[in-house]
Structure formats: structure tokens, C-alpha cells
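**Student:** For reference, the sequence and a predicted model appear below.
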Amino acid sequence: MSVPVVIRKIGRAYGAMQALADVDLEIGAGEFVSFVGPSGCGKTTLLRIVADLEKPTSGEVKIGGANPKEVRRQKKLGLVSQRPAVLPWKRALDDVKFTQKITQRVGYPADQLLRDFGLEGHERKKPGQLSGGMLQRVNCASAIAHDPELLLMDEPFSALDEMKREEMGEWFARELETRPRTVLFVTHHIDEAVLLSDRVVVFSASPGRVYEIVAIGAPRPRDRSFRESRIFIETTARLRKMLFQDLEAGR
Ligand SMILES: Nc1ncnc2c1ncn2[C@@H]1O[C@H](COP(=O)(O)OP(=O)(O)O)[C@@H](O)[C@H]1O
Ligand SMILES: [Mg+2]
């Protein structure tokens, strides 16, 4: 199951500071959309608005026609926060099971999910006993454990080394083939965005706006050989130019 997301004329101000302005996006059911853009352009804010953790100053979000609040109440959302609240006493396995308890939905067997994420032997460890990368994988497992229709991921793999990052990306890519869901994915990693997404939304900063939307014209999931394809090479180069030249120069 997956849902479409409509983001209509979203603006968000913090006092005099306009964090987001006029953000319009239509995301199809089952689509994987990445958000990239300079630090501070409002990616986290936008994701938190979709997750009903923050209110927009203007505009509205509809998830399958419903308000974020209703969708959150129905437990159809999964969120990997950029800075998750860590409960020091909660063991990895309990963290995953907690999601399933409060949502009353077991999408995946908790222990299998942790094994899939390379955490075998660490299931009973508390956050203080896990590395940053391990903790991030526990957060990913908790976010997906109830099989949410909409998955919101805010730099979910940023603490992982390159190899683990690729493994996690591949797991999600394969998994989405069997259980399609809509994914909004924030990343700084251009290669990762191009490898995983149907479309990449590039944001410009102050205020955060949609600068350009780049469609990746190749079916998902894509394996490692996609990195050698013309589409991959040209799209990553185009995104790099936008992010590191055009936006820096204020074009
Ligand atoms: N609670 C808040 N209070 C005041 N300013 C905030 C708050 N949250 C975010 N901001 C500001 O809004 C802008 C966008 O932040 P954020 O969404 O975290 O950007 P990104 O995730 O793209 O790096 C930044 O300038 C940030 O300082
Ligand atoms: Mg952020």
C-alpha cells in the first residue's frame, strides 16, 4: 500500500525568517522522491510538516487526500528523524518492537529486520553501546517496522560508511519492489539520490524553494551497474553543477 502526497504552496516562517516559500510538489503513490539542497534550505522543516510535527505558516499538505494529522493518527507514517530522540535504556530490539506495539502493526519480524540491517548480535544493546551508524540503522528499522504507507527519511544513512550506506540503499530498493510505498528521502549524497529515486527535488536556500525537479529516467530497482550508465553519469553531473555552481552563485 502506498499513498500520493500533495504539497501545496507551503510556506514556513520562524519569526522574520522565511524558511520555506511557495513549495509545490505532487508525489505519486509509490514514488521515491529525494530532497537535496544546501544546508538550511528547509528540507527537514518540510519533512516535519508532512509528518505533522510542525505546522506550515501557509499552504497545505494532503496525504492520500487526508491531513497529515489524520495520517499520523492512523499510524501510516514512518519517520527517520535527522536527530532522533534517543532513549538511553531502550535496547535495539525493544525500540523496533515499540513501534509495532504503538501502531499495533507488525510489518516485519523485529529480529529479522535487525539482522537484515546488519545488527545481528547487537539486538540487546542499548544506544550507548552502539556506534552512530548502528544507531542509525536501528532508527531505520524502527521507522519501517510497522510497514508504513509513507516513509519519511531525513539523512537516514549519513552516519554510515560507504559500504553500509550502499547495503542499506540496496535493501530499501529491493524491499520497495516487493512492498511499494511512497518515500520522501533527504540526502546530501547525490549518487545515492540518483541511484534510489524516481525524481530528485533540488531546493535553493533563504527562503527554501523548489529550484528544479530532475526525473531519473530508468526503472527501479537499479543495481550497482547503474552507476556506469549514461543516465547516472549525466544526471549526477547535472545535479553537482546545480548544487555546487549555480546555487552557490545565486543563479
Ligand atoms: N524551530 C526552529 N526555530 C527557528 N528556526 C528554525 C527552526 N527550525 C528550523 N529553523 C531554521 O529554518 C531553516 C531551515 O532549517 P532546516 O529545515 O533544518 O534545513 P535543512 O534540513 O535543509 O538543513 C534554517 O535556517 C533553520 O535555522
Ligand atoms: Mg536537515
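**Tutor:** That came in fine, so what should we check first? Nothing here was measured: the structure is a model prediction, and the numbers come from that model. Ligands and ions are numbered 1, 2, ... in the order given.

**Student:** Can you verify Asp191 is assigned to a helix?
**Tutor:** Yes. Going by DSSP: H, G, I helix; E, B strand; the rest coil, the assignment for Asp191 places it inside a helix.

**Student:** count of residues packed around it?
**Tutor:** By the measure other Cβ atoms under 10 Å, the count of residues near Asp191 is 18. Just so you know, the C-beta spots here come from the backbone N, C-alpha and C atoms, and that holds for glycine as well.

**Student:** what does Ile63 give?
**Tutor:** Other residues within reach of Ile63 by the criterion other Cβ under 10 Å amount to 26.

**Student:** Could you measure from it over to ligand 2?
**Tutor:** Per Cβ to the ion, to the nearest Å, Ile63 is found 20 Å from ligand 2.

**Student:** Give me the phi and psi angles of that residue.
**Tutor:** According to degrees, to the nearest 10, the main-chain angles of Ile63 amount to phi -120, psi 110.

**Student:** Find the residue closest to it in space, skipping its chain neighbours.
**Tutor:** Val71 (4.5 Å; Cβ to Cβ, 6 or more residues apart in numbering).

**Student:** and if you look at Ala51?
**Tutor:** The shortest distance from Ala51 to any residue other than its chain neighbours is 5.0 Å, reached at Leu79 (Cβ to Cβ, 6+ apart).

**Student:** Could you check which helix or strand contains that neighbour?
**Tutor:** Per DSSP states H and E, Leu79 falls inside strand 77-80.

**Student:** which SS state does Ser206 fall under?
**Tutor:** Here Ser206 is recorded as coil under three-state DSSP.

**Student:** Burial check on it, number of neighbours?
**Tutor:** 13.

**Student:** in this protein, which spans are strands?
**Tutor:** In chain order, the chain shows strands spanning 5-14, 17-27, 32-36, 58-63, 77-80, 150-154, 182-186, 199-204, 209-215, with DSSP state E as the criterion.

**Student:** Columns distance to Glu167 and mean pLDDT on top of the ones you listed, output as a markdown table?
**Tutor:** Converted to a markdown table, the strands of the chain look like this (distance: least, Cβ to Cβ, whole Å; pLDDT from 0 to 100):
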| stretch | distance to Glu167 | mean pLDDT |
| --- | --- | --- |
| strand 5-14 | 27 | 98 |
| strand 17-27 | 26 | 98 |
| strand 32-36 | 17 | 98 |
| strand 58-63 | 29 | 98 |
| strand 77-80 | 16 | 97 |
| strand 150-154 | 15 | 98 |
| strand 182-186 | 16 | 98 |
| strand 199-204 | 21 | 98 |
| strand 209-215 | 25 | 98 |
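
**Student:** any chance of those strands in TSV, with distance to Lys101 too?
**Tutor:** Listed next are the strands of the chain as TSV, based on distance: least, Cβ to Cβ, whole Å:
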stretch	distance to Lys101
strand 5-14	27
strand 17-27	29
strand 32-36	28
strand 58-63	23
strand 77-80	15
strand 150-154	19
strand 182-186	24
strand 199-204	34
strand 209-215	38
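
**Student:** Including distance to ligand 1, could these go into JSON lines?
**Tutor:** Formatted as JSON lines, these follow (distance: least, Cβ to the nearest ligand atom, whole Å):
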{"stretch": "strand 5-14", "distance to ligand 1": "4"}
{"stretch": "strand 17-27", "distance to ligand 1": "4"}
{"stretch": "strand 32-36", "distance to ligand 1": "8"}
{"stretch": "strand 58-63", "distance to ligand 1": "15"}
{"stretch": "strand 77-80", "distance to ligand 1": "13"}
{"stretch": "strand 150-154", "distance to ligand 1": "7"}
{"stretch": "strand 182-186", "distance to ligand 1": "7"}
{"stretch": "strand 199-204", "distance to ligand 1": "7"}
{"stretch": "strand 209-215", "distance to ligand 1": "12"}
